[in-house]
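A.B. asks: After the sequence you'll find the predicted model.
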Amino acid sequence: MSEARYWHLQDDGKMVCELCPRHCTLTDGQSGFCFVRARQGARMELTTYGRSSGFCVDPIEKKPLNHFYPGTSVLSFGTAGCNLACKFCQNWDISKSRQMERIAEQADPETIARAALRAGCRSVAYTYNDPVIFAEYAVDTALACRQLGIASVAVTAGYMELEPAAWFFSHMDAANVDLKAFSETFYHRLTGGHLQPVLDLLKYLACETDVWVELTTLLIPGCNDSDPELDALTRWVVREMGSEVPIHFTAFHPDWQMREWSRTPIETLLRARRIALDNGVRFAYVGNVNDWRGAST
């Protein structure tokens, strides 16, 4: 275990985590909503530090990032737990896991950096679950990677307070942020979170950092795929982040607590792309790396 940052003790002796908008309040021995940030006496521990749910060498376009070292490889890894509760989670066996066997492989930051170098990877991605909750481990790994000339990529839902985000993203070179919908109702009912903190983080990344940002929206039939919502989402991106921020529209498949839901038809993805382009988004992509279509070459 490693000591975690961004918490304070209240007058009543309870500890409050300040990393994400949940602000979990903990007594001794309790873990937060994410499962992995836990109070141990008068300090908070990151219980998954140095322990991963697995590693994989991927094309960078799989993150998905189409404009960040295209054609290169990235070493991907994650831990366990998550600070959202998405009913449609497609990595639920990792993000919802409380079991230590899911994070049994041990790797310190320097080992990961050297492994990426040996594998010929241009970058390391913190992914599978959300690196927000293992921020200290991700940042230490990013520092080790930077020493070897290897970039760092955060694949995240962006559910993080701005003060810790400033620290965290100062060590990241790129991010793919999952903007899950453009509706507070969707966020509240289907993720257990809120929309505004994600929008605040996106504006911060686009306007106040040098981090390369691309967005992903998973389109779920009948939930976040209406013309008015896609119109509002893409107009907001152009207005608040800029027309050069790429957007990836991806297809839902039944999983976790939405196994009875329908898959997303390709027509929905193409419709979303058309709306984005009409609203001034320069780069709108559909599906995976073998099925993307750009607004320009």
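C.D. replies: Perfect, I can see it now.
A.B. asks: and after the strand or helix carrying T216, which helix or strand comes next?
C.D. replies: Element membership for T216, per DSSP states H and E: strand 212-219. Per DSSP H and E, strand 212-219 leads on to helix 227-240 as the next helix or strand towards the C-terminus.
A.B. asks: count of residues packed around L46?
C.D. replies: Residues within reach of L46, counting by other C-beta atoms under 10 Å, total 22. Every residue, glycine included, has its C-beta placed from N, CA and C.
A.B. asks: Distance-wise, check the spatially closest residue to it that is not a sequence neighbour relative to L215.
C.D. replies: Spatially, and ignoring its direct neighbours in sequence, L46 is nearest to A4 (4.5 Å; C-beta to C-beta, 6 or more residues apart in numbering). Computed with C-beta to C-beta, to the nearest Å, the distance linking A4 and L215 is 28 Å.
A.B. asks: again, but for Y204
C.D. replies: 14 Å.
A.B. asks: Looking at the two, which has the bigger crowd around it?
C.D. replies: Legend: neighbour count by other C-beta under 10 Å for Y204 and L215, higher for L215 (24 against 17).
A.B. asks: What residue spans form the domains of this protein?
C.D. replies: Taking automatic domain parsing as the reference, the chain has its domains at 2-46, 51-291.
A.B. asks: any idea how far the first one is from the chain center?
C.D. replies: Averaging C-alpha positions (C-alpha atoms, centre = their mean, to the nearest Å) puts domain 2-46 21 Å from its chain's average.
A.B. asks: just stretch 71-86 next, same as before
C.D. replies: With C-alpha atoms, centre = their mean, you get 7 Å for stretch 71-86.
A.B. asks: Between its first and last residues, what's the separation in it?
C.D. replies: 31 Å (C-alpha to C-alpha, to the nearest Å).
A.B. asks: Show me which positions of it end up buried.
C.D. replies: For stretch 71-86, the neighbour count (16 or more other C-beta atoms under 10 Å) marks 73-86 as buried.
A.B. asks: Check stretch 198-206 too.
C.D. replies: Buried residues in stretch 198-206, defined by neighbour count with 16+ other C-beta under 10 Å: V198, L199, D200, L201, L202, Y204, L205, A206.
A.B. asks: so is the second one in a helix, a strand, or just coil?
C.D. replies: Using DSSP: H, G, I helix; E, B strand; the rest coil, the secondary structure recorded for L199 is helix.
A.B. asks: thought it was touching R239?
C.D. replies: No - the pair L199 and R239 does not pass the contact test of C-beta atoms under 8 Å, sitting 11.3 Å apart.
A.B. asks: if I look at those two, which residues touch both of them?
C.D. replies: By C-beta atoms under 8 Å, 6 or more residues apart in numbering, L199 and R239 have no common neighbours.
A.B. asks: What average pLDDT does the strand holding T216 get?
C.D. replies: For strand 212-219, the mean per-residue pLDDT is 98.
A.B. asks: From the chain's centroid, how far away is it?
C.D. replies: In terms of C-alpha atoms, centre = their mean, the gap separating the centre of strand 212-219 from the centre of its chain is 10 Å.
A.B. asks: can you check stretch 168-183 too?
C.D. replies: Centre to centre, stretch against its chain (C-alpha atoms, centre = their mean), the figure for stretch 168-183 is 6 Å.
A.B. asks: How about stretch 238-247?
C.D. replies: Taking the mean of its C-alpha atoms, stretch 238-247 sits 18 Å from the chain's own mean (C-alpha atoms, centre = their mean).
A.B. asks: Buried residues in that stretch, which are they?
C.D. replies: Neighbour-count burial for stretch 238-247, with 16+ other C-beta under 10 Å as criterion, is recorded at V238, M241, V245, P246, I247.
A.B. asks: Which of these lies at the shortest distance from E184?
C.D. replies: Minimum distance to E184 across these is 19.1 Å, recorded for M241 (C-beta to C-beta).
A.B. asks: what bridges to H8?
C.D. replies: With DSSP bridges applied, H8 shows beta-bridge pairing to V16.
A.B. asks: Does it touch V16 like I think?
C.D. replies: Yes - judged on C-beta under 8 Å, H8 makes contact with V16 at a distance of 5.7 Å.
A.B. asks: higher neighbour count, the two?
C.D. replies: Comparing H8 with V16 by other C-beta under 10 Å, the one with more neighbours is V16, at 16 against 10.
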